[in-house]
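**Q** need coordinates for the following:
(4 chains)
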2 protein chains.
Amino acid sequence: MFAEYGVKGTTLQMIADRLEVTKAAVYYHFHTKDEIVRAVAQPLLEDIARVIRIADALPDPNSRREVAVSGFVELAVRHRGLSAIVQNDPAMSTLAKTHVELENAVVKLITLLDGPDADVAHHIGTSMIIGGVSGVVTDARLLDVPDELLHRVLLDYAQHLLNTPNLLSAVVKPSGSV
Amino acid sequence: MFAEYGVKGTTLQMIADRLEVTKAAVYYHFHTKDEIVRAVAQPLLEDIARVIRIADALPDPNSRREVAVSGFVELAVRHRGLSAIVQNDPAMSTLAKTHVELENAVVKLITLLDGPDADVAHHIGTSMIIGGVSGVVTDARLLDVPDELLHRVLLDYAQHLLNTPNLLSAVVKPSGSV
DNA sequence: GTCTATATAGGGATAGAC
DNA sequence: GTCTATCCCTATATAGAC
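**A** Predicted coordinates for the structure are as follows:
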């Protein structure tokens, strides 16, 4: 429901109705709406933390990046709709301000995706991958595309974008600057 | 403000405060909040319509697709923050249900981006481009990247994604089915 | 064209019975 | 653990004076 209507657009009444209980019943389990948002987002955040842990354990910076990309695609597909919330919903940014661990996890993941010695060109590439993958994974038209197929295609795309740094550098840097 | 806080998260009070007038003054110019949203989105929608018109005038289907992609990148960069609203804000989907011309324009643009004889593979590619471009264009980290640079890099990326249909077909179709 | 004041509805959250 | 009932606040929107 958060993915479909947005966090703000999803009222406790709607949640209660969907569960066929009253608002008060919902409030027995969660004391605030924020708690519900965090509970919903938690599995994704845990997976992000897992990917970061795995990537960080690697000695080679470039391997770290590859693992991060692969891991990101994997968790985006696994959580489908959820990715868009964390990525796009303004309520999530608000939540990130008061919950540092959330903010840190996302920043860390982005840093890994940027790779070592990242310049503006890499930032754009990373942003393209994150936005593209999030977009695909939550596209209503692609709801019935099997996870496994989506995963393979996205991984291929992402790696494809990664493996063309020349393209980026050539465009970003003035000719002659190497 | 819609881009930063979401449509639902932006109250008329916030808008009035920003304009340094009262809520009632805002209501003199716009009778409903929806009207404001539509007024804000209109320049982008007009540009979408323009791109569709230009593309539709071309005889060759593949040229239509190229123009659509190029036009999409162009308008995404020109409107920056706005793209994300139209693309991601749930309030926009709600608005699209009651305003057919909006829905139609978006569907038409997506169809052009898909290209002729589009299969699932093309749909994923289109989705990746739309999501990726929208993501880049609204990335807070990239706010100070000049429009012109962003435009060139994104166009390069998008065309790059378009020109690798073999990659997609190879993954999607079982080997041997050509 | 902008203001003050207010109507009306809905949303988050709590109290207390069962 | 769930309910009814209610509080408080905020949001959209309107009325009517200036």
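**Q** next, the buried residues of the helix or strand where A:S93 lies.
**A** In the assignment (DSSP states H and E), A:S93 maps to helix A:90-98. In terms of neighbour count (16 or more other C-beta atoms under 10 Å in any protein chain shown), helix A:90-98 has its buried residues at A:90-96. (Each C-beta comes from the backbone N, C-alpha and C, glycine too.)
**Q** from the contact counts, what lies against the helix or strand just after that helix?
**A** Helices and strands here follow DSSP H and E; after helix A:90-98, the next one along the chain is helix A:100-114. Packed against helix A:100-114, as judged by 3 or more C-beta pairs under 8 Å, 6 or more residues apart in numbering or on different chains; DSSP states H and E, are the following elements: helix A:33-56, helix A:61-79, helix A:90-98, helix A:120-138.
**Q** tell me which of those helices sits most buried.
**A** Among those, judged by mean count of other C-beta atoms under 10 Å in any protein chain shown, the one packed with the most neighbours on average is helix A:120-138 (a mean of 25).
**Q** that one vs helix B:120-138, what angle?
**A** An angle of 130 degrees separates the directions of helix A:120-138 and helix B:120-138 when computed by axes from the mean of the first three to the mean of the last three C-alpha atoms, to 10 degrees.
**Q** right, is helix A:120-138 up against chain B?
**A** Yes: on the criterion C-beta under 8 Å from any C-beta of the partner chain, helix A:120-138 is in touch with chain B at A:120-121, A:123-125, A:127-136.
**Q** now that helix against helix A:61-79, angle please.
**A** Using the same axes, to 10 degrees: helix A:120-138 against helix A:61-79 is 20 degrees.
**Q** let me see the mean pLDDT of helix A:120-138.
**A** Per-region confidence: helix A:120-138 scores 94 on mean pLDDT.
**Q** what is that helix packed up against?
**A** If contacts are counted by 3+ C-beta pairs under 8 Å, 6+ apart, helix A:120-138 sits against helix A:61-79, helix A:81-88, helix A:100-114, helix A:147-162, helix A:165-172, helix B:120-138, helix B:147-162.
**Q** contacting residues for the closest residue to A:L82 other than its chain neighbours?
**A** Excluding the flanking residues, the one nearest A:L82 by C-beta to C-beta, 6 or more residues apart in numbering or on different chains is A:L44, at 5.0 Å. Under the criterion of C-beta atoms under 8 Å, 6 or more residues apart in numbering or on different chains, the contact list for A:L44 reads A:75, A:79, A:82-83, A:86.
**Q** surely A:R78 is in contact with A:D147?
**A** Yes: if you go by C-beta atoms under 8 Å, A:R78 and A:D147 touch, sitting 7.3 Å apart.
**Q** got the residues of chain A near DNA strand D?
**A** Where proximity means C-beta under 7 Å from any atom of the strand, the interface of chain A facing DNA strand D comprises A:20-25, A:28-29.
**Q** let's see 6 Å
**A** Counting by C-beta under 6 Å from any atom of the strand, chain A comes close to DNA strand D at A:21-25, A:28.
**Q** mind putting those into a markdown table with neighbour count and secondary structure?
**A** Below are those laid out as a markdown table (neighbours: other C-beta atoms under 10 Å in any protein chain shown; DSSP: H, G, I helix; E, B strand; the rest coil):
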| residue | neighbour count | secondary structure |
| --- | --- | --- |
| A:V21 | 13 | coil |
| A:T22 | 13 | coil |
| A:K23 | 13 | helix |
| A:A24 | 9 | helix |
| A:A25 | 11 | helix |
| A:Y28 | 9 | helix |
